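In: sequence first, predicted model second:
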Amino acid sequence: MCVLELLNLEYCRVHITDVAGVAISKCPTLKKLNLGWLVSVTDNTVVTLAQSCLDLEILDLRGCWRVTGGGIGAFSGHKCLQTLDLYNCVPGITVSDLEPLLKCRSLKSILVDPRLRLTLSRYSKFLEFI
C-alpha cells in the first residue's frame, strides 16, 4: 500500500502522461500533488485522481492545458480539496467550468488565469488571480 502524501512532478513536461497519472491515483493517501506544466496530462488523470485520492487537499494543474471542465468537474463533490491551481489552463478551462466546483464545500481557493475575465461577484469567494 502506498503511503505517499506529497508528490511534486512539476516541469517533467511530456515525460509524464495519463498512464503515470492513473498510476499516481493508486496512492490514496496523497494530500498535495503538483502536476504543473505536465502538458500530456488530460481529464483522464484528473477524473481518476478525484475518484481515488479522497484525501487530496492541494492539486496544482498549472499549465496543464489539455485538462478541461470535464476533468475538474469531477472534484465537485470532493470532501478534502482546498486549493486548485488552474493558472494557464486556457483554453481547456472556461468560466462555466468553475460552476460545478462551487459544490465542493472544502474548496477555499482556485487560482485561475486572468484571461478568463470572470464575473467576480459569483466566484470571488474562491478565486485568486496571479
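Out: That came through fine.
In: mind giving me the packing neighbours of the lengthiest helix in the chain?
Out: Longest helix in the chain by number of residues, with DSSP state H as the criterion: helix 43-52. Helix 43-52 sits against helix 18-24, helix 69-72, with contacts defined as 3 or more Cβ pairs under 8 Å, 6 or more residues apart in numbering; DSSP states H and E. Quick note: C-beta positions are derived from backbone N, CA and C, even for glycine.
In: what's the span of stretch 19-29 from first residue to last?
Out: Using Cα to Cα, to the nearest Å, the end-to-end distance of stretch 19-29 comes to 19 Å.
In: can you pull the buried residues of it?
Out: Ala20, Gly21, Ile24, Ser25, Cys27 (16 or more other Cβ atoms under 10 Å).
In: sorry, back to before: quick one: closest of the helices and strands packed on helix 43-52 to Glu99.
Out: Glu99 lies closest, by Cβ to Cβ, to one member of the helices and strands packed on helix 43-52: helix 69-72, at 8.6 Å.
In: tell me the buried residues in the closest one?
Out: Buried positions in helix 69-72, judged by neighbour count with 16+ other Cβ under 10 Å: Gly69, Gly71, Ile72.
In: let me see the mean pLDDT of it.
Out: Helix 69-72 shows a mean pLDDT of 96 in the predicted model.
In: then stretch 4-17?
Out: Taken as a whole, stretch 4-17 has a mean pLDDT of 91.
In: contacting residues around it?
Out: Residues outside stretch 4-17 that contact it (Cβ atoms under 8 Å, 6 or more residues apart in numbering): 24, 27, 29-41, 60, 62.
In: quick check: ChimeraX command selecting the buried ones in those.
Out: Buried subset of these, written as a ChimeraX selection, criterion 16+ other Cβ under 10 Å:
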select :24,27,30,33,34,35,36,37,38,40,41,60,62
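In: returning to what we had before: just send the buried residues of helix 69-72 back as JSON lines, with distance to Leu98 too.
Out: Formatted as JSON lines, the buried residues of helix 69-72 follow (distance: Cβ to Cβ, whole Å):
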{"residue": "Gly69", "distance to Leu98": "8"}
{"residue": "Gly71", "distance to Leu98": "13"}
{"residue": "Ile72", "distance to Leu98": "8"}
